[in-house]
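In: Okay, here's the prediction I keep looking at, along with the sequence it came from:
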Amino acid sequence: MARLERLEDPAVEPLALAETRLHLRLDDDAEDELVLDLIKAAREIAEAETRRALIRRGFRLWLDAWPVGRRAVELPLPPLAAITDVTLYDAEGSPSLLGAEAWLADTIGEPGRLVLRAGIPSPVPGREANGIAISYAAGYGPAAADVPEALRRGMALLVGHLFECREAGAAATVDALPYGVARLWAPFRRVRL
């Protein structure tokens with residue numbers, strides 16, 4: 001069993017308030033709080049739809065045990081930037097680090113992976129649940145400009161759609177992604193197999 005823990009919120013959003021207000025053609029700041037909320041919602045929807053982290057931040061993947069017969073563990077929410085540490089927990093819950101000499105971070109493949117080096121046996125945790133914790137950073141970078149433009153433009157279109165259809169009884173549907181958003185995000189979507 002695996003469980004993903006988000007360690008922090010992004011320090012910035014992929015869209016700035018000023019550029020979003022320009023996209024929405026807003027002349028004053030009366031609805032800035034709503035626009036900021038919609039930017040955050042659009043990022044969360046983009047991350048859920050594409051199964052990616054847009055702005056770099058920390059995550060921790062909890063495993064009950066190392067996958068049987070495998071040398072690598074795939075890390076959710078690409079792109080993988082770095083692996084911080086791998087911690088094993090004994091039966092009493094005491095942590096011990098698996099040294100960095102025992103593993104390497106595959107930041108090129110997608111999704112990124114933690115790979116055990118040749119000759120290193122699979123780690124065996126001492127407790128039956130949440131015995132291995134892999135801490136890592138994922139996302140395109142720390143700044144909005146690091147996020148691919150197609151993802152950002154899709155977010156802007158989605159913010160516009162949510163801004164216009166903010167009431168439950170709005171004539172336009174908010175059940176599905178607007179066509180332009182779906183097309184812009186399509187190349188970035190990770191499909192579950």
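Out: On my side now, so go ahead.
In: Check which helices and strands the host helix or strand of Gly154 sits against.
Out: Using DSSP states H and E, Gly154 falls within helix 149-164. In terms of contacts (3 or more C-beta pairs under 8 Å, 6 or more residues apart in numbering; DSSP states H and E), helix 149-164 is packed against helix 17-24, helix 32-50, helix 179-185. Yep, even glycine has a C-beta here, placed from its N, CA and C like the rest.
In: Next, the angle from that helix to helix 17-24.
Out: Note on geometry: by axes from the mean of the first three to the mean of the last three C-alpha atoms, to 10 degrees, helix 149-164 and helix 17-24 are set 70 degrees apart in direction.
In: Pipe the helices and strands packed on helix 149-164 into a markdown table and attach mean neighbour count, distance to Leu77 and mean pLDDT per row.
Out: Converted to a markdown table, the helices and strands packed on helix 149-164 look like this (neighbours: other C-beta atoms under 10 Å; distance: least, C-beta to C-beta, whole Å; pLDDT from 0 to 100):
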| stretch | mean neighbour count | distance to Leu77 | mean pLDDT |
| --- | --- | --- | --- |
| helix 17-24 | 15 | 24 | 95 |
| helix 32-50 | 17 | 7 | 96 |
| helix 179-185 | 17 | 15 | 92 |
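In: ok, and what's touching the helix holding Gly154?
Out: If you take C-beta atoms under 8 Å, 6 or more residues apart in numbering as the criterion, helix 149-164 is touched by 14-15, 19-20, 23-24, 34-35, 38-39, 41-43, 45-46, 50, 54, 144, 170, 172, 174, 177-178, 180-181, 184-185, 187-188.
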